[in-house]
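> 3D, please:
(one chain, ligands or ions: 1)
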Amino acid sequence: MTTPLTCRNYINGHWLSAQSGATLESRNPADWRSLVATFPRSLTADVDAAVVAARRAYLSWRLVPAPARAELIYRVSELLLQHKEELAQLISQEMGKPLTEARGDVQEGIDCALYSAGEGRRLFGQTTPSEMPNKFAMTVRMPVGVCALISPWNFPVAIPCWKALPALVCGNTVILKPAEDTPACATFLVQIFQEAGFKEGVINLVHGLGEEVGRALVEHPGIDLVSFTGSSETGASVGATCGRTHKRVCLEMGGKNAQVVMEDANLELALVGALWGAFGTAGQRCTATSRLILHRDIKDKFTAMLIERTSKLRLGSGSDPLTEVGPLVNSAQLQRVSHYLEIAHTEGASVLIGGQIAKLEELKHGYFFQPTILDISPDTRIAREEIFGPVVALIEVSSFEEAIAVLNDTPYGLSSSVYTRDVNRAFQAMRDIEAGITYINGPTIGAEVHLPFGGVKQTGNGHREAGTTALDVFTEWKSVYVDFSGSLQRAQIDNRA
Ligand code: UN1
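All right, here's what the predicted structure looks like:
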């Protein structure tokens with residue numbers, strides 16, 4: 001066992017304990033006897049200090065030319081690359097995902113840093129003709145101010161990068177509130193930001209509980225924008241508070257993503273996609289495949305293939321290179337998934353494989369749940385609610401139209417996938433699926449950082465992270481008119497007879 005890390009808040013360029021001195025613990029979900037880190041249980045006073053620092057730093061950071069801001073972000077990409085392996089090991093230890101996936105998590109942060117750094121020399125606005133003579137009109141992007149970034153544990157490096165890096169290149173200052181399950185990953189990341197050379201107060205880190213630190217940030221009058229990734233329930237309350245306190249808010253919430261497999265699909269391709277989509281990150285992705293909508297002509301064959309391959313998946317600690325499916329992040333998640341299995345039984349689901357907490361002796365100190373396949377009807381809670389675990393529900397359909405209707409029949413709309421060789425169906429799917437992301441012949445996971453990420457219905461609130469759309473979250477548009485006629489020109493009036 002390695003020595004536990006002591007994580008601190010990072011406020012105004014200083015590493016600090018919570019003002020109350022209280023701490024919390026982060027433990028390895030593959031073996032809860034192993035303490036990964038202790039971290040501050042911050043309260044309102046710590047949040048206040050971070051807001052003061054971020055507000056002060058904003059006054060000068062917003063005036064740093066964007067290409068110069070971007071150079072620091074480029075430096076983040078270099079440092080992340082340099083520390084990729086170390087950081088990936090820490091991710092595996094702290095939240096359980098297998099090492100190969102943890103490396104991908106860091107890589108997504110690197111990709112985002114490269115992309116955001118490039119944006120420093122773009123941040124384009126528009127020029128447009130004025131309706132008046134000798135008058136110039138243009139739009140420019142302005143930073144929003146101080147941004148509170150509330151990030152989840154499932155992508156402890158990628159998601160804080162998605163939020164912080166575009167925010168910073170646009171000239172905002174930020175306060176990161178990481179999930180209480182991954183404080184050590186967030187601390188490592190912010191150490192990298194510090195080393196990259198951001199001035200004090202530009203990026204701040206406040207650890208603690210959602211109920212305490214998250215709430216204090218969302219309610220704080222000194223915060224201009226909240227970017228939140230997490231459950232739909234918490235997101236709704238964050239959104240309500242931001243509405244009441246006039247803050248801009250970007251919400252990324254739940255999903256109930258489906259992969260459709262049509263009768264003409266390449267079944268082997270659809271199979272590897274389904275296994276990766278459903279059981280990658282132990283199903284703990286917003287984009288995870290939690291429904292497989294199968295055409296009746298291939299259902300039996302595909303299901304048999306799926307069960308056979310699922311039975312061979314190797315569960316274990318994320319740090320073991322042979323592990324394919326890691327643990328769930330904590331005991332509450334394990335209980336949540338177990339509870340959904342009880343619901344599945346009462347709803348008459350057939351459990352085709354798995355369905356229980358893993359029983360192997362070597363896993364008994366971790367939060368492991370067996371990869372699970374259920375056969376159910378589409379009008380059940382299992383088919384409609386987000387589970388966030390290694391559980392996938394099979395639903396049989398008789399036609400392409402029925403497949404799309406079933407796919408759309410949930411309160412969410414994040415990711416979606418269709419396996420077919422029919423180009424007409426592929427284009428119909430792109431048009432008719434209600435989701436922010438659609439894959440053709442690929443699984444529901446695998447979003448790249450230069451495309452918009454987000455969803456419709458209860459998944460989001462109309463914003464998109466990543467891509468150039470992230471700039472719309474982190475900037476305000478300003479319209480600027482320059483009249484060089486030397487006289488008063490009244491628009492809509494003086495140019496009319
Ligand atoms: C998430 O689960 O919130 O497409 C993010 C994917 C990853 C990002 C997932 N690139 O699954």
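
> please save the CA atoms from stretch 126-143 in CSV.
C-alpha atoms of stretch 126-143 as CSV (Å, rounded to 0.1, in the frame of the first residue of the first chain):
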residue,chain,number,x,y,z
GLN,A,126,-18.1,38.5,-37.1
THR,A,127,-18.1,41.8,-39.0
THR,A,128,-21.2,42.8,-40.8
PRO,A,129,-22.2,45.8,-42.9
SER,A,130,-24.1,48.5,-41.0
GLU,A,131,-27.3,49.8,-42.5
MET,A,132,-25.9,53.4,-42.2
PRO,A,133,-23.1,54.9,-44.2
ASN,A,134,-19.7,55.4,-42.6
LYS,A,135,-20.5,53.1,-39.7
PHE,A,136,-18.8,49.8,-38.8
ALA,A,137,-20.4,46.8,-37.1
MET,A,138,-18.9,43.7,-35.5
THR,A,139,-19.4,41.1,-32.8
VAL,A,140,-16.7,40.2,-30.2
ARG,A,141,-16.6,37.5,-27.6
MET,A,142,-16.2,38.7,-24.0
PRO,A,143,-15.5,36.5,-21.0
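
> what does this structure put close to the ligand?
Proximity of the chain to the ligand is confined to 108, 154, 155, 285, 286, 287, 445, 446, 447 under the rule CB under 6 Å from any ligand atom. For every residue, glycine as well, the C-beta is placed using N, CA and C.

> surely residue 19 is in contact with residue 48?
No - between residue 19 and residue 48 there is no contact under CB atoms under 8 Å: 9.4 Å.

> quick check, central residue of this protein?
Computing the C-alpha centroid of the chain and ranking residues by CA atoms, centre = their mean puts residue 159 first, at 4.9 Å.

> excluding its backbone neighbours, what's nearest residue 56?
Closest residue to residue 56 apart from its sequence neighbours, by CB to CB, 6 or more residues apart in numbering: residue 201 at 5.6 Å.

> quick one: contacts for that neighbour?
12, 13, 53, 54, 56, 57, 58, 173 (CB atoms under 8 Å, 6 or more residues apart in numbering).

> distance check, it against residue 61.
Counting by CB to CB, to the nearest Å, the gap from residue 201 to residue 61 is 8 Å.

> so how far is residue 30 from the residue nearest to residue 32 when sequence neighbours are not counted?
Using CB to CB, 6+ apart and skipping the chain neighbours, the partner closest in space to residue 32 is residue 365 (5.9 Å). Counting by CB to CB, the gap from residue 365 to residue 30 is 8 Å.

> those two: who's more crowded?
Using other CB atoms under 10 Å as the criterion, residue 365 and residue 30 rank with residue 30 on top: 25 against 15.

> let me know the pLDDT of the residue nearest to that one when sequence neighbours are not counted.
Computed as CB to CB, 6+ apart, the closest residue to residue 30 that is not its neighbour in sequence is residue 317, at 3.7 Å. In this model, residue 317 is scored at 96, pLDDT.

> same question for residue 469.
Residue 469 is given a pLDDT of 96.

> number of nearby residues for it?
Quick note: residue 469 (other CB under 10 Å) scores 16 neighbours.

> over to residue 126?
10.

> I'd guessed it sits against residue 139; true?
Yes - contact criterion CB under 8 Å: residue 126 and residue 139 qualify, at 4.9 Å.

> so which strand or helix has the residue nearest to residue 56?
Using DSSP states H and E, residue 201 falls within no helix or strand.

> for residue 437, see how far away it is.
The gap separating residue 201 from residue 437 is 35 Å, by CB to CB.

> can you check residue 145 too?
In terms of CB to CB, residue 145 sits 30 Å off from residue 437.

> more crowded one of these two?
Applying other CB under 10 Å to residue 145 and residue 437 shows that residue 437 carries more neighbours, namely 24 against 20.

> just checking, that one touches residue 285?
No - assessed by CB under 8 Å, residue 437 is found out of contact with residue 285, at 11.9 Å.

> and the residue nearest to residue 30, helix, strand or coil?
coil (DSSP: H, G, I helix; E, B strand; the rest coil).

> right, and it touches residue 323 too?
Yes - at 6.1 Å, residue 317 counts as touching residue 323 under the criterion of CB under 8 Å.

> what's near enough to touch residue 232?
Applying CB under 8 Å, 6+ apart, the residues near residue 232 are 253, 254, 386, 411, 412, 458, 459.

> state the phi and psi torsions of it.
With angles defined as degrees, to the nearest 10, residue 232 sits at phi -60, psi -30.

> gap between it and the ligand?
In this view, residue 232 and the ligand are 13 Å apart by CB to the nearest ligand atom, to the nearest Å.

> cool, and residue 233?
Distance of residue 233 to the ligand, given as CB to the nearest ligand atom: 16 Å.

> run the chain-centre distance for the helix or strand hosting that residue.
Per DSSP H and E: residue 233 is located in helix 232-244. A distance of 17 Å separates the centroid of the chain from that of helix 232-244, by CA atoms, centre = their mean, to the nearest Å.

> what about the helices in the stretch 151-300 of the chain?
158-169, 183-196, 215-219, 232-244, 267-279, 296-311 (DSSP state H, counting those that start in this stretch).

> just say which of those is most tucked in.
Stretch with highest mean neighbour count among these: helix 158-169 (a mean of 28; mean count of other CB atoms under 10 Å).

> just the CA trace of it, in PDB.
Extracted C-alpha coordinates of helix 158-169, given in PDB (Å, rounded to 0.1, in the frame of the first residue of the first chain):
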ATOM      1  CA  ALA A 158     -11.100  14.800 -18.900                       C
ATOM      2  CA  ILE A 159     -14.200  16.600 -17.600                       C
ATOM      3  CA  PRO A 160     -12.400  19.200 -15.500                       C
ATOM      4  CA  CYS A 161     -10.300  19.900 -18.600                       C
ATOM      5  CA  TRP A 162     -13.400  20.200 -20.800                       C
ATOM      6  CA  LYS A 163     -14.700  22.800 -18.500                       C
ATOM      7  CA  ALA A 164     -11.600  24.700 -17.300                       C
ATOM      8  CA  LEU A 165      -9.500  25.000 -20.500                       C
ATOM      9  CA  PRO A 166     -12.200  26.600 -22.700                       C
ATOM     10  CA  ALA A 167     -13.200  28.800 -19.800                       C
ATOM     11  CA  LEU A 168      -9.600  30.000 -19.300                       C
ATOM     12  CA  VAL A 169      -8.800  30.600 -22.900                       C
END
